[in-house]
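A.B. asks: 3D model of this:
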Amino acid sequence: MHSYETVTLTRDVDATRIPSGDKGFIPKDTEVTITQVLGGTYTVQFIGGLARIEGKDADALGKTPEAAPAPIATPAPVGPVTKESLSAQVWTQLRTCYDPEIPVNIADLGLIYNCDLTELGVNSYKADVKMTLTAPGCGMGPVLVQDVQNKLLCLEGIDDVAVELVWDPPWNQGMMTEAAKLQLGLM
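C.D. replies: The predicted structure follows:
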């Protein structure tokens, strides 16, 4: 069940239009309805349609702004970073990235096709991520790619991230985890 909250913006706020991905702003005193709060961002509906507002601008919604990306759920390793321990942290971090229209993280949606870690040096790795979108024409692709890059670079041991959008195989609902299907009422 969704819990929507209607608020009036206390200042002009930068926003990304959904689904086009166009950057712009929503003016002060605009009434918006918060439809989703996940992964450190807010999805809002207003007369102009849907938009995504970053957590750093939460004060415009009367909320407490996020100072940094959400921390990972697993503790950072003590001692040398291993590829195996870092891989687990990467997947945990990918589960903090959300499509602004779907209340399921991009990993459980099946949008992450592959994530390879390459050692760059001692305790230093590059993450190469291949991901897709639910629809090829989605303008939010660059926004989601940037989310993945930003969140992975927050991990101790990840010093470089390359994210490639791929379209083969095309995404379909069968790629979602059972938990995602349950959450969306598809099972």
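A.B. asks: when you work out contacts or count neighbours from here on, use the C-alpha atoms and nothing else.
C.D. replies: Noted.
A.B. asks: any idea which residue sits dead centre in the chain?
C.D. replies: residue 97 (2.5 Å; C-alpha atoms, centre = their mean).
A.B. asks: what about that one, distance to residue 111?
C.D. replies: According to C-alpha to C-alpha, to the nearest Å, residue 97 and residue 111 sit 11 Å apart.
A.B. asks: surely the residue nearest to the centre of the chain is in contact with residue 144?
C.D. replies: Yes - Residue 97 is within contact range of residue 144, at 7.5 Å (criterion: C-alpha atoms under 8 Å).
A.B. asks: now the longest strand along the chain: average pLDDT?
C.D. replies: Longest strand in the chain, counting residues (DSSP state E): strand 112-121. Mean per-residue pLDDT for strand 112-121: 95.
A.B. asks: for it, which helices and strands make contact with it?
C.D. replies: The helices and strands touching strand 112-121, judged by 3 or more C-alpha pairs under 8 Å, 6 or more residues apart in numbering; DSSP states H and E, are strand 124-131.
A.B. asks: what's downstream of the strand it packs on, the next helix or strand?
C.D. replies: The helix or strand immediately downstream of strand 124-131 is helix 141-153, counting by DSSP states H and E.
A.B. asks: pull the CA atoms of that next one into CSV?
C.D. replies: C-alpha atoms of helix 141-153 as CSV (Å, rounded to 0.1, in the frame of the first residue of the first chain):
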residue,chain,number,x,y,z
GLY,A,141,18.9,6.0,-18.1
PRO,A,142,21.6,8.6,-17.6
VAL,A,143,20.2,9.4,-14.1
LEU,A,144,20.3,5.7,-13.1
VAL,A,145,23.8,5.2,-14.5
GLN,A,146,25.0,8.2,-12.5
ASP,A,147,23.3,6.8,-9.3
VAL,A,148,25.2,3.5,-9.8
GLN,A,149,28.5,5.2,-10.3
ASN,A,150,28.0,7.5,-7.3
LYS,A,151,27.0,4.8,-5.0
LEU,A,152,29.7,2.4,-6.0
LEU,A,153,32.4,5.0,-5.7
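A.B. asks: contacts for it?
C.D. replies: 21, 69, 90, 93-94, 97-99, 127, 133, 158-165 (C-alpha atoms under 8 Å, 6 or more residues apart in numbering).
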